[in-house]
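Novice: no FASTA, just this:
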């Protein structure tokens, strides 16, 4: 009696197997009852026929409840109408634990209730599918950078200085001093790229934004590659290669999950290079043409992003931004000193910005002047300035937000469902 | 002129190539000078012969300094005596940036100085090798769990409750309340395993220990798998399979790095299953026999761990611990209620504990009693208790500390060198 899992049954038709899992659903039609089993790898219809099992096994139907844990034995049969193409002809059931009445019934629940029960909600079909996609997005990301010569250089979480102001930073009591939680690993990746040629970090980042929109979490995961000897154009090429790779990977490896989520995959199939590259000025023109009240010179809001992304059937990269609204470390466009060589990538279908990056200022004197012009303290940036003293090179990078990307690929409106245990301004439990 | 990297040159003998990197070393013998180039993928001897290059290129030797950034063009030649088996016959050099006098000269520096220059120290040969091993340890870890049916379920970093006391927790100002930084993702992985069958998390964890030993960091990375329908024996089997996998992976993929670190790889080659499994009582006997003043019933100190690990040529797993010194959620041994079904794995050669884990209590009433007996508040554990209400199953897991494991594989004494930007009680910069 081979121990197995539901995802492997298709190659075990005709075999006697044992499966360990939980009761997802029960349905009786008299002399036959059906147990839909979940084991974390999929769902399986198990058929219990009165004439085929001992009396005590048939009688279990009255004891079992949703989410009770059971070990089921039986024969795998082809069943074209079932998800996965198989069902189980049950010969035995061992009850491990009878669950109390399960709080998440098939009826509709409010979000707060579901989030309070996140530890259980993870078991339900849609949430399970979203987190499986998350798993594959992260796996594809690692694989992409690992196989393209990047070295993982984890950026630190604790930082000593609130270098760009404390507004959106979380403060930590660090023994006898203060520390802050990182908002981005980028500055450290610049040191990484100059040591390893190409580096990346992947970890949680933190923003204490008092924002309540569905696009914001206080704790979210970001992957940040950085490349030495790389300009803005090459940076955009890396970003589009990477995003194409994860989307195509998910189309191949998350077929079941995307079907469960009723995702229109024809939209994802279009995500192929080259992605359109437009300047900030061209994006502003689109908004003007579409009647937005957007003010040139400012950043795009969520509605503006949607208006721009609607013009394209794949992600669009917007480059050459007004330097005033971008970070001090961005390199200026040699053709126009008022423009920063930054790039944002907007996902299609109104899923907003998924990538932000650009070319970094690599000249010591210019960078020092920028720090001073921005009224920033020089001392905490000394190590960062060092990178321009000892073998400075043109270098670029970007950061991709995992949750927004998962939300886009899944077609999920609420970013809080794209992370196992979301943290927002109002929620740090369970 | 193909753009390439040093790690790929062996298959390009006879080709004209361009390499972008930094000056690692310079040496002149009159009409020939040598530039050892580093590009993040390796080191390469570049030979500049007066008769073979334009005058201005030959004259560069006097301008170039350690860590200056250069683009070098030339022909790849076989050179058996060189690392990597090749050298470059230079035809041209483009100077990108002449570095100021590099602070890390070949002379000996103190640790504080090197750590203050960590952003540059990463470029040096030994540090570079250690972090390459770290990269492969993490890659092997992800690959192992991904290919064995585990789903990544990221545990949250912010937690609302200091459930086991605040002594070693970092406190965060979280809007109008307090939050704490996670010490372990385990409790959340238990929810993950019951949803996905097998799950894992990988991320930074935090301990505010006022410990100054070379084994402690305040911020370190941990990978924590958890398996439903899994007892202590199977848990130990997973742990040994996993540790064998990463060690054998590194032996295969980090040959150059381990040679650079002068690691005795014969010791690592012995890391093959099965690993010895001894009880806590047996470990205590070893200590008594070896004359340690260890007090039975207490935890092992660093010296005790070394004394025990010296008895074995591979990692040793110590199981069945006095319940009093283990966490409240550990399941008790059915054969002896005073023992907890926990396991610690000690690395050989005195590298200390690298894995801690065990079987979890899965009975609602017993777990609730434990929480009360330990004077812990029940409310913050309600979600955790829920996991025993709705389809409870035997389940187990463990956590492996990345830095200690990298330290062991590299044979590195100081754990602070196994993470790109170490954080200790005294250091949160650079």
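Specialist: Received, thanks. Note that this is a predicted model, so its numbers are computed, not measured.

Novice: Skip ahead from the helix or strand containing residue A:47 and say which helix or strand is next.
Specialist: Taking DSSP states H and E as the criterion, residue A:47 maps to strand A:43-49. The helix or strand immediately downstream of strand A:43-49 is helix A:55-59, counting by DSSP H and E.

Novice: Off-centre distance for that following helix?
Specialist: 45 Å (CA atoms, centre = their mean, to the nearest Å).

Novice: picking that back up, what residues sit buried inside the strand holding residue A:47?
Specialist: A:43, A:44, A:45, A:46, A:47, A:48 (16 or more other CB atoms under 10 Å in any protein chain shown). To be clear about C-beta, it is placed using only N, CA and C from the backbone, and glycine gets the same treatment.

Novice: got the residues of the stretch 1-150 of chain A near chain B?
Specialist: Residues of the stretch 1-150 of chain A that fall close to chain B, judged by CB under 8 Å from any CB of the partner chain: A:5, A:7, A:20-23, A:39-41, A:67-69, A:71, A:96-97, A:99-100, A:102, A:117, A:119-120, A:122-123, A:128, A:131-132, A:134-135, A:138-139, A:142, A:146, A:149.

Novice: Try it again at 6 Å.
Specialist: Residues of the stretch 1-150 of chain A lying close to chain B (CB under 6 Å from any CB of the partner chain) are A:20, A:22, A:39-40, A:67-69, A:96-97, A:99-100, A:102, A:119, A:122-123, A:135, A:138-139, A:142, A:146.

Novice: quick one, helices of chain A?
Specialist: For chain A, the helices defined by DSSP state H cover A:55-59, A:111-116, A:118-121, A:125-147, A:186-196, A:232-253, A:255-260, A:265-269, A:280-289, A:302-309, A:364-373, A:382-386, A:402-410.

Novice: Mind putting those into TSV with mean pLDDT and distance to residue A:32?
Specialist: Listed next are the helices of chain A as TSV, based on pLDDT from 0 to 100; distance: least, CB to CB, whole Å:
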stretch	mean pLDDT	distance to residue A:32
helix A:55-59	96	10
helix A:111-116	94	33
helix A:118-121	98	29
helix A:125-147	98	24
helix A:186-196	98	60
helix A:232-253	98	36
helix A:255-260	96	26
helix A:265-269	98	36
helix A:280-289	97	60
helix A:302-309	96	51
helix A:364-373	97	74
helix A:382-386	97	70
helix A:402-410	98	36
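
Novice: Can you add distance to residue B:234 and give those helices back as CSV?
Specialist: Formatted as CSV, the helices of chain A follow (distance: least, CB to CB, whole Å):
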stretch, distance to residue B:234
helix A:55-59, 26
helix A:111-116, 33
helix A:118-121, 23
helix A:125-147, 22
helix A:186-196, 38
helix A:232-253, 27
helix A:255-260, 28
helix A:265-269, 38
helix A:280-289, 56
helix A:302-309, 48
helix A:364-373, 55
helix A:382-386, 47
helix A:402-410, 31
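
Novice: closest to residue A:92 out of the ones you listed?
Specialist: helix A:55-59 (6.0 Å; CB to CB).

Novice: For that closest one, buried residues please.
Specialist: A:57, A:58.

Novice: Can you give me the distance of residue A:241 to residue A:410?
Specialist: Applying CB to CB, to the nearest Å, the value for residue A:241 to residue A:410 is 22 Å.

Novice: now residue A:425
Specialist: For residue A:425, the distance to residue A:410 (CB to CB) stands at 23 Å.

Novice: Those two: who's more crowded?
Specialist: residue A:410 (26 against 16; other CB atoms under 10 Å in any protein chain shown).

Novice: wait, what's in contact with the more buried one?
Specialist: Neighbouring residues of residue A:410 by CB atoms under 6 Å, 6 or more residues apart in numbering or on different chains: A:130, A:133, A:261.

Novice: How about the contacts made by the first one?
Specialist: Residues in contact with residue A:130 (CB under 6 Å, 6+ apart) are A:410, A:417.

Novice: do the last one as well
Specialist: With contacts defined as CB under 6 Å, 6+ apart, residue A:261 is in contact with A:129, A:410.
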